[in-house]
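**Student:** Turn this into a structure:
(one chain, ligands or ions: 1)
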Amino acid sequence: MMRTVRRALGHARLVAKAALDQPALWRQKWFSAGQEYADRWAATPPTPNPTPAPAPNPLEAFFEARHQGPGIWKWRHYFDAYHRHLAPLRHRENLVVLEIGIYSGGSLDMWRDYFGPTLQLIGVDIAPACKSYERPGIKVLIGDQADRAFWRRAIADGTIPPVDVVIDDGGHTDEQQRNTLEELLPHLKPGGVYLCEDVHGADSSFSAYVAGLAQALHGGGRMQSNEGEPERRLVVPASGWQAAVHSVHVYPFVVAVEKRAAAVPELIASKHGTQWQPHLT
Ligand SMILES: C[S@@+](CC[C@H](N)C(=O)[O-])C[C@H]1O[C@@H](n2cnc3c(N)ncnc32)[C@H](O)[C@@H]1O
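**Tutor:** Coordinates of the predicted model:
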């Protein structure tokens with residue numbers, strides 16, 4: 001009798017656990033399907049691009065011209081993504097840009113050239129030798145980007161003012177990337193851009209974390225359907241994340257998160273026009 005009860009309880013526990021795991025399993029299945037689809041593309045030979053290569057963007061031009069002096073080390077395809085996200089901020093007055101990972105100082109020169117002379121540039125590195133790159137307009141902080149207390153102190157005492165652009169090109173471990181994003185994203189100004197370099201490997205934990213950030217943009221509150229109100233035909237109350245974050249972009253090895261210039265309280269689907277097919281209302 002006891003054995004039957006124990007078995008029944010065990011079975012009930014298993015059923016409850018399976019029910020709990022269901023959304024995770026379902027998500028994992030679709031995630032794997034996406035990866036398999038992308039893998040199948042890998043077997044497709046690339047079609048030659050008939051259009052001529054675009055002229056080098058200013059970041060790329062700066063990099064190409066650097067034959068001597070402080071070194072810059074960048075994946076070449078980053079320049080395209082960077083210029084796409086950063087061009088609207090160029091030459092804005094009193095911009096604050098923070099780069100993690102100084103190494104030999106060349107990328108600090110590149111950012112200064114790109115953003116203009118009023119730029120306030122903050123470089124962060126764990127290596128004390130990088131302090132030597134400090135000069136007017138460039139502040140250098142020595143610290144460990146994985147250390148949340150380091151960021152909190154620097155923000156609390158005003159060493160790091162609200163920032164327009166973050167470029168994480170530091171140690172590139174999952175923990176460093178995540179801790180840095182979580183500490184600095186709230187400190188990014190509205191309209192700001194957060195870039196994280198060197199997210200390597202389809203199995204990178206940080207890459208999975210970023211997929212979570214992107215997926216959260218498809219969430220939000222319960223959708224209201226307002227028949228007879230074409231301007232507000234469908235309305236979803238924005239989550240805090242949707243209200244603050246405009247978009248999450250993924251490129252090979254680099255991620256960009258753009259903050260909204262102004263928070264949106266809700267997401268709205270409007271209908272404009274007078275002629276409609278009858279099969280939808
Ligand atoms: C790839 S290099 C940066 C390259 C440079 N941004 C460029 O474009 O030429 C990485 C730098 O990150 C620094 N670094 C490594 N771990 C770090 C950590 N935990 N916190 C801060 N900086 C770190 C290293 O000392 C190194 O100088």
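
**Student:** so what's whichever residue of the stretch 101-250 of the chain sits closest to the ligand up against?
**Tutor:** Nearest residue of the stretch 101-250 of the chain to the ligand, counting by C-beta to the nearest ligand atom: G171, 2.8 Å away. Bear in mind the C-beta positions are built from the backbone N, C-alpha and C, glycine included. The neighbourhood of G171, defined by C-beta atoms under 8 Å, 6 or more residues apart in numbering, consists of G101, I126, Q145, A146.

**Student:** in what helix or strand does the nearest residue to the last one once chain neighbours are set aside lie?
**Tutor:** Translated: A146. Sequence neighbours aside, Q176 is the residue nearest to A146 in space, at 4.4 Å (criterion: C-beta to C-beta, 6 or more residues apart in numbering). Following DSSP states H and E, one finds Q176 within helix 174-184.

**Student:** counting contacts, what elements does the one helix or strand I167 maps to pack onto?
**Tutor:** Taking DSSP H and E as the definition, I167 sits inside strand 163-168. Using 3 or more C-beta pairs under 8 Å, 6 or more residues apart in numbering; DSSP states H and E, the elements in contact with strand 163-168 are strand 96-100, helix 174-184, strand 188-196.

**Student:** So what touches that strand?
**Tutor:** 86, 89, 92, 95-101, 107, 111, 122, 145, 176-177, 180-181, 184-185, 187-189, 191-197.

**Student:** so which of the helices and strands packed on strand 163-168 gets nearest W241?
**Tutor:** Within the helices and strands packed on strand 163-168, the stretch nearest W241 is helix 174-184; the backing value is 12.7 Å (C-beta to C-beta).

**Student:** For that closest one, name the packing helices and strands.
**Tutor:** Applying 3+ C-beta pairs under 8 Å, 6+ apart, we find helix 174-184 packed against helix 148-156, strand 163-168, strand 188-196, helix 205-216.

**Student:** mind listing what's buried in the second one?
**Tutor:** Using 16 or more other C-beta atoms under 10 Å as the burial criterion, the residues of strand 163-168 that qualify are V163, D164, V165, V166, I167, D168.

**Student:** Could you do the longest one as well?
**Tutor:** For helix 205-216, the neighbour count (16+ other C-beta under 10 Å) marks F206, S207, Y209, V210, A214 as buried.

**Student:** got the contact list for the third one?
**Tutor:** By C-beta under 8 Å, 6+ apart, the residues touching Y209 are D174, R178.

**Student:** Quick check, pLDDT for it.
**Tutor:** Y209 is assigned 97 on the pLDDT scale.

**Student:** now L141: how far from W241?
**Tutor:** Remark: distance between L141 and W241 (C-beta to C-beta, to the nearest Å) = 28 Å.

**Student:** let me fix that: L234
**Tutor:** From L234 across to W241, the span is 19 Å (C-beta to C-beta).

**Student:** N57: neighbour count?
**Tutor:** Look at N57: counted by other C-beta atoms under 10 Å, it has 17 neighbours.

**Student:** tell me the phi and psi of it?
**Tutor:** phi -80, psi 170 (degrees, to the nearest 10).

**Student:** I'd like to know which helix or strand in this protein has the lowest mean pLDDT.
**Tutor:** helix 2-42 (a mean of 71; mean pLDDT, DSSP states H and E).

**Student:** Quick check: mean pLDDT of the next helix or strand after that one?
**Tutor:** Counting by DSSP H and E, the element after helix 2-42 in chain order, helix or strand, is helix 58-65. Here helix 58-65 scores 96 as its mean pLDDT.

**Student:** what's the average pLDDT for the helix holding Q176?
**Tutor:** 98.

**Student:** Give me the contact list for it.
**Tutor:** With contact meaning C-beta under 8 Å, 6+ apart, helix 174-184 is reached by 98, 100, 145-148, 151-152, 155, 163, 166, 168, 170, 194, 196, 199, 204-206, 209, 257.

**Student:** Does it reach the ligand?
**Tutor:** Yes. Residues of helix 174-184 contacting the ligand under C-beta under 6 Å from any ligand atom: Q176.

**Student:** The strand holding I167 pairs with which strands?
**Tutor:** Using DSSP bridges, the strands paired with strand 163-168 are strand 96-100 (parallel), strand 188-196 (parallel).
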